[in-house]
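predicted structure and sequence below. I'll ask about it afterward.
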Amino acid sequence: MGLVTPLRNRGFRVEPTTLKDVEDVFSLRVLLERFALVTLANQGLSDTASLVALADAVGKAVERDSVTDYIETDRRFSSLIKQS
């Protein structure tokens, strides 16, 4: 699925997206995040406080409808998972 198409000497065009496209992306994300969490659980993390705090911050950003905060905290959460 291409979200953006480059146009020669004109910039870019945002391609139309269907509800099925969005559902497919979210389904894939659920699978990837589940795998990441199972992998972390199998490693036996002893200190989960920072992950819990960031997960809570992601949820609060959603409640506030703050896309910027959501993206920032979600990236930090994902980055911390990768480091664990």
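Structure's in. What do you need? Numbering: from 1, shown residues only.

please enumerate the helices of the protein.
19-43, 49-63, 67-83 (DSSP state H).

and the last one, what's buried?
In other words, helix 67-83. Neighbour-count burial for helix 67-83, with 16 or more other CB atoms under 10 Å as criterion, is recorded at 70, 73-74, 77, 81. Glycine gets a C-beta too; all of them are placed from N, C-alpha and C.

over to the shortest one?
Neighbour-count burial for helix 49-63 flags 51, 54, 57-58, 61 (criterion: 16+ other CB under 10 Å).

thinking again about what came up before, could you dump the helices of the chain to CSV with distance to Asn9 and mean pLDDT?
Putting the helices of the chain into CSV (distance: least, CB to CB, whole Å; pLDDT from 0 to 100) gives the following:
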stretch, distance to Asn9, mean pLDDT
helix 19-43, 28, 86
helix 49-63, 38, 88
helix 67-83, 31, 85
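
the residue sitting nearest the centre point of the chain: what's it in contact with?
When CA atoms, centre = their mean is applied to the chain, the residue found nearest the centroid is Asp74 (5.8 Å). By CB atoms under 8 Å, 6 or more residues apart in numbering, the residues touching Asp74 are 58, 61.

do the same with Arg13
Arg13 neighbours (CB under 8 Å, 6+ apart): 4-5, 7.

export the residues you listed to TSV and tack on distance to Ser27?
Formatted as TSV, the contacts of Arg13 follow (distance: CB to CB, whole Å):
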residue	distance to Ser27
Val4	21
Thr5	24
Leu7	30
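
nearest to Ser46, out of those: which one, please.
Val4 (42.3 Å; CB to CB).
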